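Novice: Need coordinates for the following:
(chains A and B)
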2 protein chains.
Amino acid sequence: MEVSVDCVMFGFHTNELKVLLLKWSENDWSLPKGKIFRWEPIADAASRVLTETTGIQDVFLQQFHTFGATQSEKDYTQDQTGSRVADKHSERVEYRYFQESIVSIGYYGLVDFEKVVPNLAQSYQWYEIPAIPDLLFDHIDMIELALVALRKDLRYLPIANLLPQKFTLREMQKLYETILNRKFDRRNFHKLLMSYDFLIKLPEKKIGTANKSPHLYQIDFEKYETALQDGISY
Amino acid sequence: MEVSVDCVMFGFHTNELKVLLLKWSENDWSLPKGKIFRWEPIADAASRVLTETTGIQDVFLQQFHTFGATQSEKDYTQDQTGSRVADKHSERVEYRYFQESIVSIGYYGLVDFEKVVPNLAQSYQWYEIPAIPDLLFDHIDMIELALVALRKDLRYLPIANLLPQKFTLREMQKLYETILNRKFDRRNFHKLLMSYDFLIKLPEKKIGTANKSPHLYQIDFEKYETALQDGISY
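Specialist: Sure thing, here's the model as predicted:
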C-alpha cells in the first residue's frame, strides 16, 4: 500500500488565515504531498516532503489525522471511468497514485507568512480558506479537518509563529479571532495576554494605523515554550 | 508497505482507568492489532480488527495518531540480530510484520467495563496503566499517546461510556479525576455536572457505600451528544 504525507500549511496575512496550494495545471490545485520511503520515520517524511515540494524548512509540523482508502477509491473509480479526474492526471507522474490503495497522513504547519518564501518549480498561491478552489484528491476534506484540529489544539500550539516578528496585541487578538471564528473583548483579551510573561513590549510603535500608534511586541520563545506546556487559555 | 490498526481500549473499574491487553505467550502482551485491507476505509478497519481480535462491537473509537517505521525498524533490527524480540516471534504468523515496513494507525476506544465481555480465543486482561507489563511492538508508546489524546479531547468525548449504566456523581467525578490525574472540589464539580441537562436523577440510591446512600444517575444520550458538540467544561 502506498503511504503518503500531505501538508496543510497555514499562514496569516492581512487578518486572514490562508493555506498554501500548489498549482499543477490551469484548474488543478493540491496540497504539498509526497510518498513516504520505506523505514523513513513519518515526521521526517513530513519535513522532507514539505521541503522538496515547497522549499520551506524548519517549520512547526503537527500530525492531525490519517486518511484512508475511501477517498482514494473514489478518485480511483473516477479515474477508471475516464472522468475529469482521470483526464487531469493522465500525463502526470502522480497518475500511479490512482493505481494503488493510498493511506495519507495529514500534517498541518504554522508559518510566518512574511518569512516563508516558497522555492518552487511550479506555481503556488496562498488562498484564504473560503476562497479555496476545487482541489485534487481529498484535499478539501483534509484542510477542513486540519482547521478543526488547529482549533482543538490551540492552547498548546505555537501560533505566534503565524505572526510577523514584531506585532501589536491587536494583531495577536485578530489571529485568535480568525482561527476560532469568534470575537473577544479587546480589554479582557489584552489583559489575558499580558498575564503571560512571553510577550516583550518594544520601545517602537506601529505607524501608519488609523488609531493612535499601538506598541509593538515580540515573543520570548523560551518563555513561550514553557507557557505552551501548560496550555494558553483564551 | 503494511498498514495496520492498533486499538487502545480504555475501561474504568473500581476507580481505575484500565487498558485491554491480549496475551500471546507467557510474557508477551500486546494491544488488539490487525492489518488494513486494500481499499478498506480506515475507520471500518478499526472496528473490524477490534471485533475480530476481541469480540467487542459497536464501541466509540477515535483515531489519535499514526506511528511509523522508526519503531518497526527498531524491532526489525532486533529481529535480524536474533534478540529476544526475534525469539519471541519466530514461530508466529506475526513474524512477517517484522519483514515489512509498517505504518500503524492508533485508535482509542472507551468501553463500559462491566458491559464488555471480550470473546477471545486467547487470554486477555484489563491492566491498570501503571501496572502494564512489557509490551510487544511500540505499544507502550501508543498507550501513552492515547492517554495524552484522551485528556486533550476530553471535552468532546462520550466518556460517560466508561461508567456503568447507573452511577453516582461521585463516580463520574472520579472518572474525570482519574483521566486527568488531578482532584476537583466535590461541591463545585457536582454543581458543574448538574448545570448540564444530560444527567437523569433516578429514584434509586446506591447502597452499600460507607457514607449515606448517594443518588444514582443515568445519561440521556441524546442530550449528551448535543452537549458534547459544544464541549463539556470541567
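Novice: And for A:E114, nearest residue in space, chain neighbours not counted?
Specialist: What sits nearest to A:E114 in space, not counting adjacent residues and going by CB to CB, 6 or more residues apart in numbering or on different chains, is A:P164, at 5.2 Å. C-beta here means a position set from N, CA and C on the backbone, and glycine is covered the same way.
Novice: That neighbour against A:V111, yeah?
Specialist: No. A:P164 is beyond contact range of A:V111, at 11.5 Å (criterion: CB atoms under 8 Å).
Novice: Looking at these two, which one has more neighbours?
Specialist: A:V111 (24 against 14; other CB atoms under 10 Å in any protein chain shown).
Novice: Would you confirm that that one contacts A:L163?
Specialist: No. Here A:V111 does not reach A:L163: they are 10.8 Å apart, not a contact under CB under 8 Å.
Novice: Those residues of chain A touching chain B, which are they?
Specialist: Within chain A, the residues that sit near chain B (CB under 8 Å from any CB of the partner chain) are A:1-3, A:36, A:38-43, A:45, A:63, A:65-70, A:72-73, A:101, A:103, A:105, A:152-153, A:156.
Novice: hang on, the earlier thing: now do the shared contacts for A:P164 and A:V111.
Specialist: With contacts taken as CB atoms under 8 Å, 6 or more residues apart in numbering or on different chains, A:P164 and A:V111 have no neighbour in common.
Novice: Kindly export the longest strand along chain A (C-alpha atoms) in PDB.
Specialist: As assigned by DSSP state E, the longest strand anywhere in chain A is strand A:2-13. What follows is strand A:2-13, C-alpha atoms only, in PDB (Å, rounded to 0.1, in the frame of the first residue of the first chain):
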ATOM      1  CA  GLU A   2       1.200   3.500  -0.800                       C
ATOM      2  CA  VAL A   3       1.600   5.700   2.200                       C
ATOM      3  CA  SER A   4       1.900   9.500   1.600                       C
ATOM      4  CA  VAL A   5       2.200  12.600   3.600                       C
ATOM      5  CA  ASP A   6       0.000  15.700   2.900                       C
ATOM      6  CA  CYS A   7       0.800  19.100   4.400                       C
ATOM      7  CA  VAL A   8      -1.700  21.800   5.200                       C
ATOM      8  CA  MET A   9       0.400  24.900   5.700                       C
ATOM      9  CA  PHE A  10      -1.400  27.700   7.500                       C
ATOM     10  CA  GLY A  11      -0.200  31.300   7.100                       C
ATOM     11  CA  PHE A  12      -1.700  34.500   8.500                       C
ATOM     12  CA  HIS A  13      -1.800  37.700   6.400                       C
END
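Novice: list the buried ones in it?
Specialist: Under the neighbour-count criterion of 16 or more other CB atoms under 10 Å in any protein chain shown, strand A:2-13 has A:E2, A:V3, A:S4, A:V5, A:D6, A:C7, A:V8, A:M9, A:F10, A:G11, A:F12 buried.
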